[in-house]
Structure formats: structure tokens, C-alpha cells
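Participant: Would you be able to build a 3D model of this:
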Amino acid sequence: MQEIIEIKRYKRGIYQVITRADAFLVSENLLAEKHLYKGATIADELINELKAEGAAEICYQKALELMARRDHFCAELKLKLLLRKYTSEQIDYAIRRLVDEKIINELYFAERLVAEKQEEQSKLKIKKYLLNKGCPQDITEQVLVNLELDEKMKAYNALVKKFGKTGEFDYQKQRVKILRYLAGQGYGYSDANAAYQEFVNRKKDND
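Facilitator: Next up is the predicted model:
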């Protein structure tokens, strides 16, 4: 048994409990639930249990802080927490709790990202972006399956933005460069070539 000699606020919702031989962090809820107060005595087994629960709570608080800055997919959030040296068990607890509390909603986040990107980016590039952000494969496919995009027009607009201010224009030499650029933006050959022809025709008209 150990006697609690001091309890002090560590950060919002977290308190440090100090005994004569140890010190550990607990949440405010655990403080009340376990009836912890200065002068109380607690068993070593309970201290170990409180340490584990306190570490998990701190991980949750850090995850909540990251989510308050911006939305994250679970995989992205897990990586950030791993880099901060939290254990897999603590991270799983934090993410599961955030999902249960509906603070993490991967489908909603994916839909919002698609809405932000669909005006300027190809479907393939949006897909790569979502997957790189940690969006699950099934959710990525779900949000893109019914997405109707005018790929040719978007490819053309990309060309105008990239090459529209080019002065003297060698159509043949630029063709390979342009098609390679559009391929890198995620456009298929058919849409890229059609956009190139449209771009060339309008360029000629304006010359």
C-alpha cells in the first residue's frame, strides 16, 4: 500500500498523483471514480492499473488535440501517435474511442476532400491523394464510384493554367511534353489527347 501525498493538475483533464514511492498521471474521471485524494492509501496493483489507464487517456487527449486541428483518417492519426512514442494498445484505445464518439468519420472526411479536389484534379489523382492520406481502400472506392467528372475539360483547363501564357508555341515539340504532363496529373491518353487538340485549336485561333 502507498499513501498519496499530493495531487496536482498536470494539464486540462489530467492530474498527477504522487505517493511516497511513485508518481503517475490519471484522468479527472478516474480521480473521482477511484476516490483518489491526498492522504488516501492505494494498493500497488491499483497503481499499475491507474498508470495504464492514465497513459491511454493521455494518448486519447493527444489524438483529440490533433483532430481539433484538422480531420485525420485513422491510419494517418495512428502514424502521428506512433511517432510520439505511444504504444499500439494506447493508440487503438484512443482511435476506437474517437470513432465511437463520432469525432472520426472517415467517410465524411473522404467526401469532403473529394468535393475540394474534384474541380481541378482528375479522378485518378484524387484516388491517389486519398490513399496517400490514409483513406481506406473501400471508402476511397465508395466515394469515387459515382463521381462524374468531365475529364477532358479538366485536362484542358489544366493545360491553360500550365501553358496558357506560353508565347511562341511549337505544337509538335510541345505535344509530348503536354501529354506527359497530363499523364502525370492522372488523365488517360484519350482525355489528354482530346484536351491537347482543343488547346492547340484555340491557341491557333488566338494567334
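
Participant: from here on, contacts and neighbour counts on C-alpha atoms
Facilitator: Noted.

Participant: show me where the protein has helices.
Facilitator: 28-33, 44-69, 74-83, 88-100, 106-117, 123-132, 137-144, 151-163, 171-184, 189-206 (DSSP state H).

Participant: of all these, which lies closest to residue 19?
Facilitator: helix 44-69 (9.9 Å; CA to CA).

Participant: Show me what that closest one is packed against.
Facilitator: strand 23-27, helix 74-83, helix 88-100 (3 or more CA pairs under 8 Å, 6 or more residues apart in numbering; DSSP states H and E).

Participant: let's see it at 6 Å
Facilitator: Applying 3 or more CA pairs under 6 Å, 6 or more residues apart in numbering; DSSP states H and E, one finds that helix 44-69 contacts strand 23-27.

Participant: Direction-wise, compare the strand it packs on with helix 44-69 and give the angle.
Facilitator: 50 degrees (axes from the mean of the first three to the mean of the last three CA atoms, to 10 degrees).

Participant: low-scoring pLDDT stretches of this protein, where are they?
Facilitator: Along the chain, segments meeting pLDDT under 70 span 146, 148-150, 164-173, 203-207.

Participant: Domain-wise, how is it divided?
Facilitator: Domain segmentation of the chain under automatic domain parsing yields 2-100, 106-144, 151-206.

Participant: if I pick residue 51, what's in contact with it?
Facilitator: By CA atoms under 6 Å, 6 or more residues apart in numbering, the contact set of residue 51 is residue 24.

Participant: And residue 38, by the same measure?
Facilitator: So residue 38 contacts 4, 5, 6 (CA under 6 Å, 6+ apart).

Participant: JSON lines for those, including neighbour count and distance to residue 39?
Facilitator: Formatted as JSON lines, the contacts of residue 38 follow (neighbours: other CA atoms under 10 Å; distance: CA to CA, whole Å):
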{"residue": "4", "neighbour count": "20", "distance to residue 39": "5"}
{"residue": "5", "neighbour count": "16", "distance to residue 39": "6"}
{"residue": "6", "neighbour count": "15", "distance to residue 39": "8"}
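
Participant: nearest to residue 15, of those residues?
Facilitator: residue 6 (10.2 Å).

Participant: List the beta-bridge partners for the closest one.
Facilitator: residue 18 (DSSP bridges).

Participant: Hmm, it is touching residue 20, no?
Facilitator: No - judged on CA atoms under 6 Å, residue 6 makes no contact with residue 20 at a distance of 9.2 Å.
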